[in-house]
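> Following is a predicted model, sequence given first.
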Amino acid sequence: MPSLDAFWMPFTPNRQFKAAPRLVVSAEGLAYRTADGREVLDGTSGLWCVGAGHRHPRIAEAMKRQIDTLDFASNFQVGHPGAFALAERIAALAPPGLDRVFLVNSGSEACDTAMKIALAYWRSRGEGQRNLFVGRERGFHGVGFGGISVGGMTNNRRAFGGAMLRADHLRSTWDPRTQAFARGQPAEGAAMADELEARIVALHDASNIAAVIVEPVAGSTGVLVPPVGYLQRLRAICDRHGLLLVFDEVITGFGRLGAMFAAQAFGVVPDMILFAKTVSNGAAPLGGVIVSRKVHDTVMHGPPHLAELMHGYTCSGHPLACAAALATIDVLEQEDLPGRVRELAPHFEAAVHSLADAPGVVSVRNIGLAAGIELAPLPGEPGRRGAEVQAAVFDRGLLTRAPGDTLVLAPPFISTRSDIDRMVAMLRAAIEDPPPSSRGAP
Ligand code: PXG
Ligand code: PLP
């Protein structure tokens, strides 16, 4: 076992982890195996990546073939077939009109890339003053400087405030008074979108706004599902004022909602879609931006010997990641995993809502294969109860996420009904038999 000292772990309480490490050493299908030989169900799909299950043989074989053929080639001025094949494949899955694909290595890079494309688009149109971005409170768009500026997570912004881009924020779609135990999309609340026009466009004027960037469903802040009609209204307001609309589908893309993209699940077509995570089933880092032909073609100008967009990453469209993604898309299609999500979703919904009567549960919300189960915080210690129940449920054999006091369950698409039942039973047991400091909490 290596020493744990040198590795500064991302988004982790390092000192606490290193005092009581939770190490996984292998995985297959739905489950991890820990260093001490226990099986832990992956209720997070590997941070929303592993929809097809861990170590899917088809994806593993495609990657092995690739590493033995072409280990690396950059896509700066030379190219390799995998990146072109993947972009063509993704364009064919996207809503009509979105058929140009920029490849990157993460969701954070995808967000910063989309913001640069938006700025380049307006500059190409002679409207370079449009440099204000509109995000949403409780939105997460990764950790690049663009993503945190447009994102709405206080903890992720606090230390970096001086380095933000110009951004304003819509209110979160979350309304505990009407949505606490909503099943799927809340019926009420489409009018929350109206503040884009009534407050933000009214204040800044559309002529200064580059793009509106939202997650169709806010994932990492605890699964906040948009009210019926909300996204349609955002689209209509953007159309009315000529604003670009960007959907961050890093979590919702590639099947989580039972469609390839949330844009299709909700019937709303944005101007750009960000993706990452499930696109390669987590087997290699990959992300990207699907861009409308209109935006793309507007940027394609200038002297023919110069790059049209001065942007890209060394590993943009890495051969191994492209091979993983092409195989992942084969699996999503051939095993009809979006169809399996649609079929499993009602059972999943009933199962997570059965937790509504567990002690301290103040909200349960769900869509597709994603759910948030929110607990009342311990007095004066927000986040502690969520972290403690998450640790307790891990000891029982289930990995979940706990943003604040919400437990997030996001099972792989290959889960069965009985897998879901096992996961929910472990959650209930951990909530009902809480660690000592949570006893007596509301
Ligand atoms: N956009 C969205 C909507 C995301 O959920 C990113 C961008 C950034 O992607 P990268 O690949 O740069 O991490 C994300 C990432 C959680 C959790 O606990 C979610 C994410 C990352 C880490 C944890 O839900 N999403
Ligand atoms: N820093 C230095 C010194 C570099 O040379 C490069 C890329 O060439 C980068 C940062 C950016 O790295 P990446 O392209 O992997 O994002």
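Structure received. Ligands and ions are numbered 1, 2, ... in the order given.

> Give me the below-cutoff pLDDT ranges for the stretch 201-350 of the chain.
Counting by pLDDT under 70, the stretch 201-350 of the chain contains no low-confidence residues.

> Skip the chain neighbours and tell me the closest residue to the residue of it found nearest ligand 2.
Residue nearest to ligand 2 within the stretch 201-350 of the chain (CB to the nearest ligand atom): residue 314, separated by 3.3 Å. In short, each C-beta sits where N, CA and C put it, glycine included. Leaving out its chain neighbours, the residue that sits closest to residue 314 by CB to CB, 6 or more residues apart in numbering is residue 74, at 6.2 Å.

> I'd like to know how many residues surround the residue of the stretch 201-350 of the chain closest to ligand 2.
By the criterion of other CB atoms under 10 Å, residue 314 has 10 neighbours.

> before we move on, back to that, quick one: contacts for the residue nearest to residue 314?
Residues counted as contacts of residue 74 (CB atoms under 8 Å, 6 or more residues apart in numbering) are 314, 315, 316.

> Phi first, then psi, for it.
Main-chain torsions, residue 74, degrees, to the nearest 10: phi -80, psi 170.

> now it: how far from residue 275?
21 Å (CB to CB, to the nearest Å).

> Return the member of the contacts of residue 74 nearest to residue 23.
Of all those, residue 23 sits closest to residue 315, with 26.8 Å by CB to CB.

> measure whatever residue of the chain ends up closest to ligand 1 to residue 255 for me?
At 2.2 Å from ligand 1, residue 107 is the closest residue in the chain, using CB to the nearest ligand atom. Residue 107 sits 16 Å away from residue 255, going by CB to CB.

> Residue 272 reaches residue 294, doesn't it?
No - assessed by CB atoms under 8 Å, residue 272 is found out of contact with residue 294, at 10.7 Å.

> show me where the stretch 1-150 of the chain has strands.
Assigned by DSSP state E, counting those that start in this stretch, the stretch 1-150 of the chain shows strands spanning 24-28, 31-34, 39-42, 98-104, 132-136.

> per-residue pLDDT, residue 155?
Residue 155 is assigned 87 on the pLDDT scale.

> Is there contact, residue-wise, from the host helix or strand of it to ligand 1?
According to DSSP states H and E, residue 155 maps onto helix 154-157. No - judged by CB under 6 Å from any ligand atom, helix 154-157 stays clear of ligand 1, getting no closer than 10.3 Å.

> Show me what the next helix or strand after that helix pairs with in its sheet, parallel or antiparallel.
Per DSSP H and E, the first helix or strand lying C-terminal to helix 154-157 is strand 167-170. Strand 167-170 has the following sheet partners, assigned by DSSP bridges: strand 132-136 (parallel).

> Which parts of the stretch 251-400 of the chain are strands?
Counting by DSSP E, counting those that start in this stretch, the segments of the stretch 251-400 of the chain that form strands are 272-275, 287-292, 361-367, 370-375, 398-399.

> quick check: domain ranges of this protein?
As assigned by automatic domain parsing, the chain contains the domains 14-55+336-438, 62-334.

> List just the one of those domains that sits closest to residue 3.
So among the domains of the chain, domain 14-55+336-438 is nearest, using CB to CB, at 9.5 Å.

> near ligand 1 at all, the closest one?
Yes - contact of domain 14-55+336-438 with ligand 1 (CB under 6 Å from any ligand atom) involves 47, 48, 401.

> Contact partners for the spatially most central residue of the chain?
In the chain, the C-alpha nearest the mean C-alpha coordinate belongs to residue 251, at 2.5 Å (CA atoms, centre = their mean). Listed by CB under 8 Å, 6+ apart, the contact set of residue 251 reads 48, 215, 217, 219, 220, 277, 370.

> which non-adjacent residue is nearest the fourth one?
In space, residue 219 comes closest to residue 251 once its chain neighbours are excluded; the distance is 3.7 Å by CB to CB, 6+ apart.

> just to revisit the earlier point, right, and the strands of the stretch 1-150 of the chain - which one's nearest residue 375?
strand 39-42 (20.3 Å).

> can you pull the buried residues of that closest one?
Of all the residues in strand 39-42, those buried under the rule 16 or more other CB atoms under 10 Å are 40, 41, 42.

> The first one reaches residue 28, doesn't it?
No - with the criterion set as CB under 8 Å, residue 40 and residue 28 do not qualify as a contacting pair; they are 11.9 Å apart.
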